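Student: I would like the atomic coordinates for the input below:
(chains A and B)
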2 protein chains.
Amino acid sequence: MPEEKPKVEDNVVYIGRKPSMAYVLAVITQFTNGAPDVLIKARGKAISRAVDVAEIVRRRFLQDVKIKSVDIATEERELEDKTKLNVSTMTLVLGK
Amino acid sequence: MPEEKPKVEDNVVYIGRKPSMAYVLAVITQFTNGAPDVLIKARGKAISRAVDVAEIVRRRFLQDVKIKSVDIATEERELEDKTKLNVSTMTLVLGK
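Tutor: From the prediction side, this is the model:
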């Protein structure tokens, strides 16, 4: 069931609506596979979960991993009726 | 109606469940009153709103304000039945 797995590509884990632990495991897998850094990306309400994921990884599972940077930004999205919506985004970089 | 105002003390704005704009105004008020830096603090699900507040302040209202730092951490809370719960926290520092 590939749709059950969190979206992962090129050391980036995108946070969606799954339980935090799904993303925690995705991050740990990336490090286990030799990634020096893992980026955790989230938009809107998923930002809180991104912070939970980063904290769980570094406190409970990989104590040698540190939060190297936290960046926040705004993305403009255009809806079907052409109205524009601003959505906050966050990128957390975890590394050893 | 003081209970309608966001909680503000010593250049710190605590993000709760009010609409983002209430906290945006609280942050702008702090800068207008001469604060060099304003801290935005949030826990749990309010973290997403804290990011929205920071982004709205610096993009829409105070273009000379920058995000000086973003820190995330975990707070341990003890419930009445003595079980312990971890809650993620975030502190954003805005300054000129």
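Student: check contacts around residue A:42.
Tutor: Contact partners of residue A:42, counting by CB atoms under 8 Å, 6 or more residues apart in numbering or on different chains, are A:14, A:15, A:49, A:50, A:89, A:90. C-beta coordinates here come from the backbone N, C-alpha and C atoms, glycine included.
Student: Contacting chain B as well, which ones from the residues you listed?
Tutor: residue A:90 (CB under 8 Å from any CB of the partner chain).
Student: and which of the contacts of residue A:42 is nearest chain B?
Tutor: Closest approach to chain B among those (CB to the nearest CB): residue A:90, at 6.1 Å.
Student: bridging residues for that closest one?
Tutor: On the basis of DSSP bridges, residue A:90 is bridged to residue A:42, residue A:72.
Student: That one against residue B:54, yeah?
Tutor: No. Look at residue A:90 against residue B:54 with CB atoms under 8 Å: they stay out of range, at 10.7 Å.
Student: so who does the nearest residue to residue A:79 once chain neighbours are set aside touch?
Tutor: Nearest residue to residue A:79, sequence neighbours excluded (CB to CB, 6 or more residues apart in numbering or on different chains): residue A:85, at 6.1 Å. Contact analysis of residue A:85 by CB under 8 Å, 6+ apart lists A:76, A:77, A:78, A:79.
Student: If you count neighbours, what's buried in the helix or strand where residue A:85 lies?
Tutor: Here residue A:85 sits within strand A:84-95, counting by DSSP states H and E. For strand A:84-95, the neighbour count (16 or more other CB atoms under 10 Å in any protein chain shown) marks A:88, A:89, A:90, A:92, A:93, A:94, A:95 as buried.
Student: Next: stretch A:17-26.
Tutor: Applying 16+ other CB under 10 Å to stretch A:17-26 flags A:20, A:22, A:23, A:24, A:25, A:26 as buried.
Student: would residue A:30 count as being in a helix?
Tutor: Yes. Assignment of residue A:30 by DSSP: H, G, I helix; E, B strand; the rest coil places it within a helix.
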